[in-house]
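Enquirer: Sharing a model that was predicted from the sequence below.
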Amino acid sequence: MNLARLSLAYLKAKPLNTVLNLVLLALGVGTVVLVLLATHQVEERMGRDARGIDLVVGAKGSPMQLILSAVFHVDAPTGNIPLKEAKQLAQNRAIQKAIPLALGDSFRGFRVVGTTHDYVTHYAAELGAGRLWQAPMEAVLGAETAAGTGLGVGDQFVGAHGYGEGGEEHGDAAYKVVGVLRPTGTVLDRLVLCNIESVWFVHVMPGKHEDPKEVLASLREDEQEITALLIQYATPIAAATLPRLINSTTALQAASPAYESARLFRMIGVGVDVLRAFALLLIAAAGLSIFIALYNAMEERRYDLAVMRMLGASSGKLLRLVLLEAVVLALVGAAIGLALGHLAAEAVGGMLAAEKQASITGATWLGAELWLVALAVAVGFVAGLVPAWRAYRTDIATTLAQG
Amino acid sequence: MISIEGLRYRYGDRQVLALDRWRAEAGERWLVLGASGSGKTTLLGIVGGLLRPSTGRVAVDGQDLGALSGAALDRFRGRRIGFVPQKLHLIPSLGVDENLLLAQYLAGVAQDRARVAEVLGALGIAERARARPAELSHGQAQRVALARAVINRPSLILADEPTSNLDDAHCAQAVELLESQAAACGATLVVATHDQRVRARFEKRIQL
C-alpha cells in the first residue's frame, strides 16, 4: 500500500468520473499533438522543398498559385511562358542557377515534370537504380512514385493530360523508365522526371511510330514553352532588384517561395490557431472536470480522510494523496492524448498519401510534446489544489463522531 | 498508561468535557460511562490524540501529548493507539486486506501480509481478506475494524460504543473479542459506552 496505489483505488472506484476526465484531457492533448505534428512536418517539408529556390518565374497570375504549382507541385500551373524569354532572363548576371520546368501531365496522380538534370542535383537526389534521362521519352521516377505505381527500370507508361486521375491519355507516346531515385524527403519523391522535349513531344500529339527527334526538330520556336523557371540568386542584392525588374518590364511573373509560403502559413495559421485554442479549451474543461470530481469526492470521502488521519496519516500526507490523484489522472490522460494524437497524425498521413500529397507521420516525436505533458500535469495539479486543501483541513474528531 | 489532570474541553463557549483526574495503568480494562452527549467520544478523541484539550495535561504511555507537534502526534497515534470508531469507517474502495495494509502504511511501520493474515485469522475472518467492506456483514465489518485497530500492536485500544446495534449474543462476543485482542497485544483497553449490558464485564469505570 502506498499513496499511488491508494490514488488508483479511488480512481477505479469512480470509473465513470475517471473516464470522463480522461476522455476530456486526452481529446484536448491529442488535438494539440495532431496540430503540432502536422504543422511542424508540413513546415519542415515545405522548407525542404523550397530550400535554395529564391525566386520562381512563370506566367502572370496568382503568385501563390505559381509557387504552389512550381515548387510544391500541388496546384495547377498559371500557364506557360516562351522558352526564349526564359533563356534571356537566365542570362541575367544576378542569377546563379535557373532550372526550367515544363508541367501539365501526370501519371496515376503523380506529376510529370520536364526539366534538366540540375533539378535532380538541386535536391541532392541519388539514383537508386538505372540512370538519368538522356533522350526524349526517357523518364526517371521519384521513390514514392515508383512504390506507388509499381514501375521500375525498363517499364513503359503513358502519361495523362492534367492532374486528375483518368485525364485524357496521350495516345501512343509512351515513356520508358530508365531510372529510379532514392528517397529524398522532398517533393521529388512524388514526381516523374524527364526532359523538357518529352513534354513538348507528348503535347503535339504525334501519330503512331513517329520519331521524337523528327517531331521535335519541326517545332517552331513559339511552340517551345516551359511552365516555370526556378531561380537561385548569385547575390543577395538580387532579391531587391530582380523580382521588380521581371514583374515590371516583362510579360512574366516572379514570385518568392519564402514570401508566399509565409503568406500561406499566415492564412492557414488562423485555422490552426482556432484548432489549437479549441484544444486548449478542452484541456481547461478537463481541468475543471477534475476539480469538480475531486471536490465532490472530498465531500464523499471525508470519513475516509478522517480515518486515515486516525490511523496516523499527517495532514500533509492527505494533501499529497489528493494532489497525486489529480496528477495521476492528468498523466494518464496526457499519455492517452499523446497516443491519440500520434495515431490521428498517422491516419491523416495515410489519407494524404492516398492523394499523392506530401504525407505526415505519427511515428515521430517533438520536444514540444513534453511541454504538453507538463501542461497537463500542471492543470491536474491546479485542479487538485482546492480539494487537497479541504483534505488537509479535515476535522478528524468531528467527522469521525458524525458517522 | 493514561494520566489526565485538570482536563477541560470547550467547543465555542460550551464546555463539553471536564475531567479533573484519571489514571489508568498498563494492561487495565476501563469503561467510560455516560449518557449521549456527555463527552465520551471527546474524551477518547483527546486520549487518542485526535483532539487537543482546551486546558489540562494528558499523558499516554508516558508521553505528554501536549508536547508533541502535529506530525509527531500523528505518528504517535498511528503507532501506539488503536481506534475502533463507532461507525466503523472502513475504506470502501479498498479490500479488507488493503484496509489493514493501509493501517500499517499510514502508521509508518513495515507492511506485513503475514501479520495481516495472522490478525484476520485470529478474528475468524481470514477468508474475507479479499472482500470489499460493502460485501461484509455488520459482524464481519466490526471484526475488520478491530483487526485494523490491533494490526500495529498498539499499547492502547480505544473503542467507541462497540456494542450499539448488536443483539445480546453478539454484544457479549464483541466485548470478548475486544478483551482477547487487547490481551493478545498487551494493550490497555478503554471502552466508551452507554450500553448497560457491557457494564458488568468491567471493573474499572469512570462516569462522565
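Expert: Sure, I can see it.

Enquirer: Could you pull out the strands in the chain for me?
Expert: Going with chain A. When secondary structure is read from DSSP state E, chain A shows strands at A:55-59, A:81-82, A:95-107, A:110-115, A:127-130, A:138-141, A:156-161, A:169-181, A:191-195, A:225-226, A:228-233, A:252-255.

Enquirer: was after chain B, sorry
Expert: Secondary structure of chain B (DSSP E): strands located at B:2-11, B:14-24, B:29-33, B:55-60, B:63-64, B:81-84, B:156-160, B:188-193, B:204-207.

Enquirer: how about those strands, which one is nearest chain A?
Expert: Chain A lies closest to strand B:81-84 among the strands of chain B, at 5.2 Å (Cβ to the nearest Cβ). For every residue, glycine as well, the C-beta is placed using N, CA and C.

Enquirer: How about residues contacting that closest one?
Expert: With Cβ atoms under 8 Å, 6 or more residues apart in numbering or on different chains as the test, strand B:81-84 has contacts from A:310-311, B:44, B:48-49, B:60, B:142, B:145-146, B:148-152, B:154-160, B:162, B:178, B:187.

Enquirer: What sits closest to the residue of the stretch 251-400 of chain A found nearest chain B if chain neighbours are left out?
Expert: Residue nearest to chain B within the stretch 251-400 of chain A: A:G312 (1.7 Å; Cβ to the nearest Cβ). Sequence neighbours aside, B:G78 is the residue nearest to A:G312 in space, at 1.7 Å (criterion: Cβ to Cβ, 6 or more residues apart in numbering or on different chains).

Enquirer: for A:R393, same thing?
Expert: Nearest non-adjacent residue to A:R393 (Cβ to Cβ, 6+ apart): A:S315, at 7.5 Å.

Enquirer: for that neighbour, what are its contacts?
Expert: For A:S315, the contact set (Cβ under 8 Å, 6+ apart) comprises A:R309, A:A391, A:Y392, A:R393, A:T394, B:G70, B:D74.

Enquirer: Tell me how many other residues crowd the first one.
Expert: One way to gauge burial is a neighbour count; for A:R309, by other Cβ atoms under 10 Å in any protein chain shown, it gives 25.

Enquirer: ok, it touching A:G316?
Expert: No - with contact defined as Cβ atoms under 8 Å, A:R309 does not reach A:G316; the gap is 11.0 Å.

Enquirer: number of nearby residues for B:L100?
Expert: Look at B:L100: counted by other Cβ under 10 Å, it has 28 neighbours.

Enquirer: let me redo that: A:P15
Expert: Counted with other Cβ under 10 Å, residues neighbouring A:P15 total 9.

Enquirer: Also B:S155?
Expert: Look at B:S155: counted by other Cβ under 10 Å, it has 19 neighbours.

Enquirer: Could you tell me how far it is located from B:L166?
Expert: 27 Å (Cβ to Cβ, to the nearest Å).

Enquirer: list the contacts for the residue of the stretch 251-400 of chain A closest to chain B?
Expert: Contacts of A:G312 by Cβ under 8 Å, 6+ apart are B:D74, B:R75, B:R77, B:G78, B:R79, B:A103, B:L106, B:A107, B:G108.

Enquirer: Whichever of those residues end up buried, select them in ChimeraX.
Expert: Typed into ChimeraX, the line below selects the buried ones among the contacts of A:G312, using 16 or more other Cβ atoms under 10 Å in any protein chain shown:
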select /B:74,75,77,78,79,103,106,107
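
Enquirer: which one among the contacts of A:G312 gets closest to A:L343?
Expert: Checking the contacts of A:G312 against A:L343 by Cβ to Cβ gives B:L106 as the nearest, at 41.0 Å.

Enquirer: pretty sure the closest one is in contact with A:L318, am I right?
Expert: No - with contacts counted by Cβ under 8 Å, B:L106 stays clear of A:L318, the gap being 9.9 Å.

Enquirer: Report pLDDT for residue 144.
Expert: The chain I'm using is chain A. Per-residue confidence (pLDDT) for A:E144: 92.

Enquirer: nope, chain B
Expert: Note on B:V144: pLDDT of 95.

Enquirer: Could you check how many residues crowd around it?
Expert: B:V144 has 25 nearby residues by other Cβ under 10 Å.

Enquirer: Setting aside sequence neighbours, what's the nearest residue to it?
Expert: Nearest residue to B:V144 in three dimensions, chain neighbours excluded: B:V96, at 5.3 Å (Cβ to Cβ, 6+ apart).

Enquirer: before we move on, back to that, tell me which of the strands of chain B is the most buried.
Expert: Mean neighbours per residue, mean count of other Cβ atoms under 10 Å in any protein chain shown, is largest over those for strand B:81-84, with a mean of 27.

Enquirer: For it, which strands pair with it and how are they oriented?
Expert: When pairs are called by DSSP bridges, strand B:81-84 turns out to pair with strand B:156-160 (parallel).

Enquirer: What parts of the stretch 201-350 of chain A come near chain B?
Expert: Contacts of the stretch 201-350 of chain A with chain B, taken as Cβ under 8 Å from any Cβ of the partner chain, map to A:303-304, A:306-317.

Enquirer: Among these, which one is most surrounded by other residues?
Expert: Result: A:M310 is most packed of those (other Cβ under 10 Å), 30 neighbours.

Enquirer: That one contacts A:L400, doesn't it?
Expert: Yes - taking contacts as Cβ under 8 Å, A:M310 lies within contact range of A:L400: 6.4 Å.

Enquirer: residues shared between the contacts of these two?
Expert: Residues touching both A:M310 and A:L400 (Cβ under 8 Å, 6+ apart): B:L50, B:P85, B:H89.
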